[in-house]
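> need the 3D shape of this:
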Amino acid sequence: MKRAKQTQKIVDNVNDYLRNNHVKSQGDPVFVVMSHALIEAKCYQGFNYFTADGKLFNGDENEQFDHLEFY
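Presented below is the predicted three-dimensional model:
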């Protein structure tokens, strides 16, 4: 699913917010609003869990995820 450049820029900015604030909750107001807006615009691609160093969290029980990010 292709997004407009402006939409992708907004997603990138929200991901910066999520990363910088170590947002782990899907109940975070910014996360909720962005999810809803992307779904309504029919360009929601999902989200995932990331480690502090920006790598995709693999679910290793010895490690905890640091933040959420949208695709």
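> tell me, how many neighbours does residue 48 end up with?
Residues within reach of residue 48, counting by other CB atoms under 10 Å, total 11. From N, CA and C alone the C-beta is placed, and that goes for glycine too.
> residue 43 now?
Neighbour count of residue 43, defined by other CB under 10 Å: 15.
> buried set for the one helix or strand residue 39 maps to?
Taking DSSP states H and E as the definition, one finds residue 39 inside helix 29-40. By neighbour count with 16 or more other CB atoms under 10 Å, helix 29-40 contains the buried residues 31, 34-35, 38.
> what's the closest of those residues to residue 14?
residue 34 (4.9 Å; CB to CB).
> ok, the nearest residue to that closest one once chain neighbours are set aside to residue 21 distance?
Spatial nearest neighbour of residue 34, excluding adjacent residues (CB to CB, 6 or more residues apart in numbering): residue 14 at 4.9 Å. For residue 14, the distance to residue 21 (CB to CB, to the nearest Å) stands at 11 Å.
> show me which of the two is the more surrounded one.
Applying other CB under 10 Å to residue 14 and residue 21 shows that residue 14 carries more neighbours, namely 21 against 11.
> could you report the pLDDT at residue 63?
Residue 63 carries a pLDDT value of 72.
> starting at the chain centroid, how far to stretch 49-57?
Its chain's C-alpha centre lies 11 Å from the corresponding centre of stretch 49-57 when counted by CA atoms, centre = their mean, to the nearest Å.
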